[in-house]
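1. What would the 3D arrangement of this be:
(one chain, ligands or ions: 1)
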Amino acid sequence: MSNIDELLRRHEQGPDHGAPGVPTPVPGLHLAVVTCMDARIKVFDVFGLKHGEIHILRNAGGIVTDDVIRSLAISQRKLKTREIVIMQHTSCGMMTITEDGFRDELQADTGLRPTWSVEAFTDVEESVRQSVARVRLSPFLALTTQVRGFVYDVHTAKIHEVT
Ligand code: ZN
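-> Have a look, this model is predicted:
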């Protein structure tokens, strides 16, 4: 049995099968959080969130990529969000690889070199600043957007703002 089968078993046995219980797709807090896919980050718990309150966009690193800008533009223009939190974290796997090293690895194993940027980084605060700047400079996001960047400590569960 695969772990996907395990998920399906849990879904069937769940009390409400994850029934939405929220009447609108518009996030109640009009806010989007961009963060890493790291399994240690419990986004709902970190911010004391209730179902239906925010958009959560996750990828490797919590990086504002072109595809994150795509989602944020839709989030703002069609679903009325206006504030954005960028939250990267300590001990991120993106600090254990390098841009060229990972591209070389993929090319060596597959014969193909990716056209996309790996977005590896060494300084998490600088990476947060870069992502915040990408939001601020994007012509596709509202000029009135409030955007703030944070680092989450995976050992203490504390967050601090990056200025
Ligand atoms: Zn990470």
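2. For the rest of this, base every contact and every neighbour count on C-alpha atoms.
-> Fine.
3. Need phi/psi at residue 102.
-> phi -70, psi -40 (degrees, to the nearest 10).
4. give the contact list for the closest residue in space to it that isn't next to it in sequence.
-> Spatial nearest neighbour of residue 102, chain neighbours left out: residue 118 (7.4 Å); criterion: Cα to Cα, 6 or more residues apart in numbering. Listed by Cα atoms under 8 Å, 6 or more residues apart in numbering, the contact partners of residue 118 are 98-99, 102-103.
5. Now a ChimeraX select for only the buried ones of these.
-> For the buried members of the contacts of residue 118, the matching ChimeraX selection, counting by 16 or more other Cα atoms under 10 Å, is:
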select :103
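6. Just the closest of the contacts of residue 118 to the ion, please.
-> residue 98 (13.8 Å; Cα to the ion).
7. Number of residues surrounding the residue in the chain positioned nearest to the ion?
-> In the chain, the residue that lies nearest the ion is residue 92 (3.7 Å; Cα to the ion). A count of neighbours around residue 92, defined by other Cα atoms under 10 Å, yields 21.
8. Verify the contact between it and residue 62 for me.
-> No. With contacts counted by Cα atoms under 8 Å, residue 92 stays clear of residue 62, the gap being 9.7 Å.
9. Where does residue 34 sit, in terms of helix or strand?
-> strand 31-36 (DSSP states H and E).
10. Equivalent analysis for residue 72, please.
-> Judged by DSSP H and E, residue 72 forms part of helix 66-79.
11. in that helix, what's buried?
-> By neighbour count on 16+ other Cα under 10 Å, the buried set for helix 66-79 is 68-69, 72-73, 75-76, 79.
12. what do you get for stretch 121-131?
-> 121, 124-125, 127-129, 131.
13. Repeat that for stretch 37-45.
-> Residues 38, 41 are the ones in stretch 37-45 that count as buried (16+ other Cα under 10 Å).
14. end to end, how far does that stretch reach?
-> 15 Å (Cα to Cα, to the nearest Å).
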